[in-house]
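S.K.: would you be able to build a 3D model of this:
(chains A and B)
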Amino acid sequence: MNNIKYILGSFGDPDEMMHGIQKLQDNNIKIHDVYTPMPIHGIEAKLGVKRSRLDIAAFFFGITGTMTMLSFVYFAAAYDWPINIGGKPHFALPDFIPITFELTILFCAFGLVGSYYASTHLFPGRAPRVMDLRATDDRFIIAIDAKENAEHSKIDNLLKEAGALEVKYNERKYVSYE
Amino acid sequence: MSGHKESILREPLITGKNITYAKITDDILMPVENKPNRAWWIGFIVALCGATLWVVSVGYTFWFGIGAWGLNKTVGWAWDITGFVWWVGIGHAGTLISAVLLLFRQNWRNSINRSAEAMTIFAVICAATYVVSHMGRPWLAYWVLPLPNQFGSLWVNFNSPLVWDMFAISTYFSVSLLFWYTGLLPDIATIRDRATGLRRKVYSIMSFGWAGNVKTWQRFEAVSIILAGISTPLVLSVHTIVSMDFATSVIPGWHTTIFPPYFVAGAIFSGFAMVLTLLLVARKVLGLENYITMFHIESMNKIIILTGSIVGVAYLTEFFIAWYSGSEYEQYAFINRSTGPYWWAYWMMMTCNVISPQLLWFKKIRTSIAATWILSIVVNIGMWFERFVIIVTSLHRDYLPSSWAMFYPSWVDVGVFVGSIGVFFTLFLLFLRVLPSIAIAEVKLLLKTASEQSKLEQIKEGHLEKEHVEEYIESLEKFDSVKQEDYAKI
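M.R.: All right, here's what the predicted structure looks like:
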């Protein structure tokens, strides 16, 4: 057995890559991941990526913002230091709608983006897990785990039939960054 | 699916022949990966001089206090708030393009959203500096925050629109920044993977480790659409709240319920004008004619006519309501605006915002780069005068004729304003050098569906109706980046 860790099918066209995914799946070859320079619509269903729950998270972050601001402004304006302004109510709700709205948006946006970064492991300084340097430029890469799928020549043929411009055998999982 | 081809009844969003994914990357990263040309240096040095003037003027204001400005006891708010509202308004186009047009699936936003969002962020920075510098004691700027304090925990006045404004502007700035930066991650990764040495290290940190796998992309799109959904009401709320700084007061000329929609329309109007001012130059200097096409320019011009007309209707409504209200003070405020000592400012506003944008109804003008560029600057001059008229003419003649006064700006007022334009351009020019000015990944999405070459292929396949093809070729006439002779033989 050689040291090949990953087989990469490098496509120049997203439709050919989708075709390649179909071919591999028809032959029961498990795909490790796909790296593309742009979002490919419909690919998540094919690869079984679960529906994102970020929208639910965003809703709850937003509601947290609403409750935070409303309770804080109640505390500040009606409980901690109520100011009598011409006998008007201390907790003047219409006045507090703009700031409550802003805080809802603020919490929602930061919570949402924070959850996104956390769930996809994005943070400043993280070493990029790149398998092929052209995957952010003009190539659409299908990565297949070479240890799990032993029939390398079959994979090679399938990828080339689908239109892969190049099939690479990587001995290291990630190419350039340590 | 990326293989889906868009109908030729729509104009192409990417022009040019032999455009490939690699060429898109090369074209857009050209200014980032190469040394800047002479045009950039000239612009940068001029902008930097402006920024220096800003530092001097704001430093002078901080040292000697607000007395350095031309304010007097009658006109207590003038160029500072004019500049603030002007900059916040300019900022609105970026969010409108990136959020509202995303919700409406307007694909032409893909090639202009990145620089428009950058413009938003820089414009809001300029606006925020005005807020801080007009405070008088800027080192106590944190007093606007509801922080526990030593004064018996006296909180800020949550009933005040100025406090709402602080919440609105800071939320707007931070959410815009988040939206912009998250969108930039894939493009920063593109620069990183093509760079070497120190550049690679820096861009690697900035890219947050982006690799472009399926899950990240899928979640990326979910995040974009949710952020667009929450930014849309946010952008409307920001200028609404800015307008409430005036509308909730009892000053005749300010005390009007039309302000929120009218300010929002004005903000979008001036924002698009600024986007055009910047991008018409950038597309030429950076050679991006194939990505920011005449269709983009024309679409933005159409938004300018729409919002300009809304603003025009708002001016007339305001005038009508002043008369209809029967309030003597309200009526005087408006008569004084148009015929009083500041009549020239009022008519400047009317000409630049209402009359001259109507020229864009003519197709010749709206598809002419020179005319569009001049009109975009005219609009921004007009929008500055709008804020000046609202603020200064409403204040300068109050209830006591003995306290009537005029406002004369000092050199510091002028310095802060001209300087803020310098700061804005300095930041924008630096942005063009270090980050991609067009969202690379989003433009790549359009290549197979909405580009000129894919439409040409469709025509060559020959299953299309003849009149549709003729109509399409006719629609290409306005594009300065399309050669008509390519279509002569078809």
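S.K.: hmm, the host helix or strand of B:Ser224 in reach of chain A?
M.R.: Here B:Ser224 is covered by helix B:214-247, with elements defined by DSSP states H and E. Yes: applying C-beta under 8 Å from any C-beta of the partner chain, one finds helix B:214-247 touching chain A at B:214-223, B:226-227, B:230-231, B:233-234, B:237, B:240-241, B:244. C-beta coordinates here come from the backbone N, C-alpha and C atoms, glycine included.
S.K.: can you say which of the residues you listed are buried?
M.R.: Buried residues within the residues of helix B:214-247 next to chain A, defined by neighbour count using 16 or more other C-beta atoms under 10 Å in any protein chain shown: B:214-220, B:222-223, B:226-227, B:230-231, B:234, B:237, B:240-241, B:244.
S.K.: what residue is smack in the middle of chain A?
M.R.: The centroid of chain A falls nearest to A:Thr120 when counting by C-alpha atoms, centre = their mean (5.1 Å).
S.K.: look through chain A and state the residue closest to chain B.
M.R.: At 3.1 Å from chain B, A:Arg126 is the closest residue in chain A, using C-beta to the nearest C-beta.
S.K.: surely that residue touches B:Ala211?
M.R.: No: applying C-beta atoms under 8 Å, one finds A:Arg126 not in contact with B:Ala211, separated by 9.7 Å.
S.K.: which of these two has more residues huddled nearby?
M.R.: More crowded of A:Arg126 and B:Ala211, by other C-beta atoms under 10 Å in any protein chain shown: B:Ala211, with 24 against 17.
S.K.: list the contacts for the more buried one?
M.R.: A:35, A:128-131, A:135, B:189 (C-beta atoms under 8 Å, 6 or more residues apart in numbering or on different chains).
S.K.: helix, strand or coil: sort out the residue lying closest to it once chain neighbours are set aside for me.
M.R.: Taking C-beta to C-beta, 6 or more residues apart in numbering or on different chains as the measure, B:Ala211 lies nearest to A:Arg129, with 4.9 Å between them; neighbours along the chain are not counted. On the three-state scheme (DSSP: H, G, I helix; E, B strand; the rest coil), A:Arg129 is labelled coil.
S.K.: A:Arg129: neighbour count?
M.R.: Counted by other C-beta under 10 Å, the residues lying close to A:Arg129 total 16.
S.K.: wait, doesn't it sit right on A:Arg172?
M.R.: No: shown here, A:Arg129 and A:Arg172 do not form a contact pair, counting by C-beta under 8 Å, at 11.3 Å.
S.K.: mind checking how far the top helix by length along chain A is from the chain centre?
M.R.: Identified as the longest helix of chain A according to DSSP state H is helix A:93-119. Taking C-alpha atoms, centre = their mean, to the nearest Å, the mean C-alpha location of helix A:93-119 is offset from the chain mean by 20 Å.
S.K.: next secondary structure after the one helix or strand B:Gly91 maps to?
M.R.: Assignment of secondary structure by DSSP H and E places B:Gly91 within helix B:79-95. Elements were assigned by DSSP H and E; along the chain past helix B:79-95, the next helix or strand is helix B:101-103.
S.K.: residues of that following helix that come out buried?
M.R.: Of the residues in helix B:101-103, those buried by neighbour count under the rule 16+ other C-beta under 10 Å are B:101-102.
S.K.: quick one: contacts of that helix?
M.R.: Outside of helix B:101-103, the residues within contact range by C-beta under 8 Å, 6+ apart are B:108-109, B:113, B:224-225, B:228-229, B:232.
S.K.: now these as CSV including neighbour count?
M.R.: Output for the contacts of helix B:101-103, formatted as CSV (neighbours: other C-beta atoms under 10 Å in any protein chain shown):
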residue, neighbour count
B:Trp108, 21
B:Arg109, 23
B:Asn113, 25
B:Ser224, 19
B:Ile225, 14
B:Ala228, 18
B:Gly229, 16
B:Thr232, 18
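S.K.: still on that earlier bit, what comes up buried for the next helix or strand after the helix holding B:Ser224?
M.R.: Toward the C-terminal end, the helix or strand that comes next after helix B:214-247 (DSSP H and E) is helix B:259-285. Applying a neighbour-count criterion of 16+ other C-beta under 10 Å, the buried positions in helix B:259-285 are B:259-260, B:262-280, B:282-283, B:285.
S.K.: one more: stretch B:168-187?
M.R.: Neighbour counts over stretch B:168-187 (16+ other C-beta under 10 Å) mark B:168-173, B:175-187 as buried.
S.K.: and stretch B:473-487, by the same measure?
M.R.: Counting neighbours by 16+ other C-beta under 10 Å, one finds that the buried residues in stretch B:473-487 are B:473, B:475-476, B:478-479, B:481-482, B:487.
S.K.: now, which of these sits nearest chain A?
M.R.: Within the buried residues of stretch B:473-487, the smallest distance to chain A is 21.6 Å, found for B:Ser481 (C-beta to the nearest C-beta).
S.K.: for that closest one, what are phi and psi?
M.R.: In terms of degrees, to the nearest 10, the main-chain angles of B:Ser481 are phi -100, psi 10.
S.K.: now the closest residue to chain A within the stretch 151-300 of chain B, what's its secondary structure?
M.R.: At 3.1 Å from chain A, B:Gly209 is the closest residue in the stretch 151-300 of chain B, using C-beta to the nearest C-beta. When classified by three-state DSSP, B:Gly209 comes out as coil.
S.K.: for the nearest residue to it once chain neighbours are set aside, what is the enclosing helix or strand?
M.R.: Distances taken as C-beta to C-beta, 6+ apart place A:Arg126 nearest to B:Gly209, at 3.1 Å, with adjacent residues excluded. Under the assignment given by DSSP H and E, A:Arg126 is not contained in any helix or strand.
S.K.: ditto for B:Ile459
M.R.: Mapping B:Ile459 onto the secondary structure by DSSP H and E places it in helix B:452-461.
S.K.: for the record, mean pLDDT for that helix?
M.R.: What helix B:452-461 shows for mean pLDDT is 83.
S.K.: quick one: contacts of whichever helix or strand comes after that helix?
M.R.: Downstream of helix B:452-461, the next assigned helix or strand under DSSP H and E is helix B:466-475. In this structure, residues lying in contact with helix B:466-475 by C-beta under 8 Å, 6+ apart are B:8-9, B:11, B:455, B:459, B:484, B:487, B:490.
S.K.: returning to what we had before: now distance to A:Gly163 and pLDDT too, for the buried residues of stretch B:473-487, in a markdown table please.
M.R.: Listed next are these as a markdown table, based on distance: C-beta to C-beta, whole Å; pLDDT from 0 to 100:
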| residue | distance to A:Gly163 | pLDDT |
| --- | --- | --- |
| B:Ile473 | 32 | 84 |
| B:Ser475 | 33 | 83 |
| B:Leu476 | 31 | 84 |
| B:Lys478 | 37 | 83 |
| B:Phe479 | 32 | 85 |
| B:Ser481 | 30 | 80 |
| B:Val482 | 30 | 81 |
| B:Tyr487 | 30 | 78 |
